[in-house]
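K.L.:
how would this look folded up:
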Amino acid sequence: MTEAESAGAAEARPGLGARIRAAMGKVGFGPRFFHVIGRVVTDTFNEGFTYAGNFAYLSLVTLFPFLIVAAAIAQLIGRNAEGIRTLEAFLQTMPPDVGEVLRKPAADVLQARTGNLLWFGAIVGLWTTAGFIETLRGILRQSYGVKSSTPFWRYRLGAMGISVASVILAMAAFSFQVLLTGIEQFIYRLLPWASQAQAIVAATKALPALVLFGALYMLFYSLTPSRYRHSNCPKWPGPAFITLWWLFVTAMLPRVLITLGSYDLTYGSLAGVMIVLIFFYLIGLGMVAGAELNAALAEPVPDGVEGARDKEGGA
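P.N.:
Model prediction:
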């Protein structure tokens, strides 16, 4: 083989980078994957911090009104204890430090609201919670690049309906969790030999994460702009990412706080509130990233990305 032929063969042979990209493309990590990841990272960096701050503030402001709405609905259906159960189940999805800060004041709010005061608080709470839902709608609109001309009152009424539906579904899910806990204790105490049943019931400990994913999916589906909501683009990747991110933050935040040490010397008596805000701020970043992920998956594949995919497939 001549020198020219050897040089030509070397030029025709794909380089290491091209071979790596081709191998990753075969397992699903093609140009489309990197395009989506790039867009999510870029847009989250550009818009996420502002929305995360807004989300953290509104989460803290909206939490107690949401619980008041839950208490009012529980009283309406004759199950007053469901309000406290909903609170406890919700706090289980948070880091222990955050739960401890919120548990007592939230319980005091629920116990103090009775009679007409409860229903007045529920009306105000419903309006406040609807404002939080509208913030999530704004995040999704920004991600999809959509502006809406729908009247304000229609969106507000829809957000109120979503709030009530969220409360009812949360109560049903958490009541089911209490039922499963009773079944688990029955099996462990009276049927210790039923190892398979024990394994099945033990798997239900993942129910809070499934409830969280279901609630996020319902929110994302109902708040996604109608043009994309009724299309074939996937709606589940965003809620799935946020659920995993929520669990990760819940697991890691206590360790980070222990590493930082005496953060109460920095914030004084507001240290507990700052922990809650930091938690919701991180969750807000995850919300923006999840919305950007769904929006990136909904857009058509750019010509350059499609061409690169065809080229790698041919190689």
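K.L.:
which helices and strands sit right next to the longest helix along the chain?
P.N.:
What stands out as the longest helix in the chain, according to DSSP state H, is helix 31-76. Where contact means 3 or more Cβ pairs under 8 Å, 6 or more residues apart in numbering; DSSP states H and E, helix 31-76 is packed against helix 16-26, helix 81-91, helix 96-112, helix 115-144, helix 152-190, helix 271-298, helix 303-314. All C-beta spots, glycine's among them, are computed from the backbone N, C-alpha and C.
K.L.:
rank those by mean pLDDT and give me the bottom one.
P.N.:
Among the helices and strands packed on helix 31-76, helix 303-314 carries the lowest mean pLDDT, at a mean of 45.
K.L.:
I figured Ile275 was touching Gly99, is that so?
P.N.:
No: using Cβ atoms under 8 Å, Ile275 makes no contact with Gly99, being 10.3 Å away.
K.L.:
looking at those two, which is more packed in?
P.N.:
Between Ile275 and Gly99, Ile275 has the larger neighbour count (other Cβ atoms under 10 Å), namely 23 against 19.
K.L.:
now the nearest residue to that one once chain neighbours are set aside: how far from Phe49?
P.N.:
Of all residues not flanking Ile275 in the chain, Asp97 sits nearest, at 5.3 Å (Cβ to Cβ, 6 or more residues apart in numbering). Asp97 is 23 Å from Phe49, where distance means Cβ to Cβ, to the nearest Å.
K.L.:
does Thr93 count as helix, strand or coil?
P.N.:
Recorded secondary structure, Thr93: coil (DSSP: H, G, I helix; E, B strand; the rest coil).
K.L.:
contacts only, for it.
P.N.:
By Cβ atoms under 8 Å, 6 or more residues apart in numbering, the contact list for Thr93 reads 208, 212, 246, 250.
K.L.:
between these, which sits nearest Phe34?
P.N.:
Using Cβ to Cβ, Trp246 comes nearest to Phe34 of the contacts of Thr93, at 25.4 Å.
K.L.:
let me see the contact set for the closest one.
P.N.:
93, 212, 283, 286.
K.L.:
CA-only coordinates of the helix or strand hosting it in PDB, if you can.
P.N.:
Taking DSSP states H and E as the definition, Trp246 sits inside helix 237-260. Extracted C-alpha coordinates of helix 237-260, given in PDB (Å, rounded to 0.1, in the frame of the first residue of the first chain):
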ATOM      1  CA  PRO A 237     -40.100  12.900  31.900                       C
ATOM      2  CA  GLY A 238     -40.400  16.300  33.700                       C
ATOM      3  CA  PRO A 239     -42.400  15.000  36.700                       C
ATOM      4  CA  ALA A 240     -40.100  11.900  36.900                       C
ATOM      5  CA  PHE A 241     -37.000  14.100  37.000                       C
ATOM      6  CA  ILE A 242     -38.500  16.400  39.600                       C
ATOM      7  CA  THR A 243     -39.500  13.400  41.800                       C
ATOM      8  CA  LEU A 244     -35.900  12.000  41.600                       C
ATOM      9  CA  TRP A 245     -34.500  15.500  42.300                       C
ATOM     10  CA  TRP A 246     -36.900  16.000  45.200                       C
ATOM     11  CA  LEU A 247     -35.800  12.700  46.800                       C
ATOM     12  CA  PHE A 248     -32.100  13.500  46.200                       C
ATOM     13  CA  VAL A 249     -32.500  17.000  47.800                       C
ATOM     14  CA  THR A 250     -34.400  15.400  50.700                       C
ATOM     15  CA  ALA A 251     -31.600  12.900  51.300                       C
ATOM     16  CA  MET A 252     -28.700  15.200  50.800                       C
ATOM     17  CA  LEU A 253     -29.800  18.500  52.400                       C
ATOM     18  CA  PRO A 254     -29.400  17.200  56.100                       C
ATOM     19  CA  ARG A 255     -25.900  16.000  55.300                       C
ATOM     20  CA  VAL A 256     -25.000  19.400  53.800                       C
ATOM     21  CA  LEU A 257     -26.400  21.200  56.800                       C
ATOM     22  CA  ILE A 258     -24.400  19.000  59.200                       C
ATOM     23  CA  THR A 259     -21.200  19.800  57.100                       C
ATOM     24  CA  LEU A 260     -21.900  23.500  57.300                       C
END
